[in-house]
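S.K.: Predicted model and sequence follow; I will ask about them next.
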Amino acid sequence: MVVQMPCPGKTRIFAASSVVNQENARREVELWAAGNGYRPAQPDRPFTIYHVGQSAREWTLLEPMTSVSNTGR
């Protein structure tokens, strides 16, 4: 399951997967993003949140596919 968290600017969102395997989680977020009109804003820079006693969760910053990113994509 993909979880979304809005960013303050409201055009971008953070997304994370509930899948434990990191590679499968990244793939799930990528598929969700593509199916919902988003793309990774910084593909090689996930944001990781750690909570004591829980697995780390990687959040991916997503932007609408129609916007121009700073990475030239």
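M.R.: Arrived safely.
S.K.: Nearest to the spatial middle of this protein, which residue is it?
M.R.: Central residue of the chain (C-alpha atoms, centre = their mean): Thr60, 2.3 Å from the mean position.
S.K.: elements contacting the strand or helix carrying that one?
M.R.: Counting by DSSP states H and E, the element that carries Thr60 is strand 57-64. On a contact count with 3 or more C-beta pairs under 8 Å, 6 or more residues apart in numbering; DSSP states H and E, strand 57-64 meets strand 13-17, helix 22-35, strand 38-40, strand 47-49. Every C-beta, even on glycine, is put in place using the N, C-alpha and C of the backbone.
S.K.: Generate a markdown table for these, with mean neighbour count and distance to Met5 as supplementary columns.
M.R.: Formatted as a markdown table, the helices and strands packed on strand 57-64 follow (neighbours: other C-beta atoms under 10 Å; distance: least, C-beta to C-beta, whole Å):
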| stretch | mean neighbour count | distance to Met5 |
| --- | --- | --- |
| strand 13-17 | 21 | 4 |
| helix 22-35 | 15 | 12 |
| strand 38-40 | 20 | 13 |
| strand 47-49 | 11 | 10 |
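S.K.: which of these has the lowest average pLDDT?
M.R.: Ranked by mean pLDDT, the helices and strands packed on strand 57-64 bottom out at strand 47-49, which scores a mean of 77.
S.K.: who's in contact with it?
M.R.: Phe14, Ala56, Arg57, Glu58, Trp59, Thr60, Leu61 (C-beta atoms under 8 Å, 6 or more residues apart in numbering).
S.K.: ok so, going back, mind listing residues that contact the strand holding Thr60?
M.R.: Identification of contacts with strand 57-64 by C-beta under 8 Å, 6+ apart yields 5, 7, 11-16, 22, 25-26, 29, 33, 37-42, 45-49, 69.
S.K.: Before I go, just wanted to say thanks for your time.
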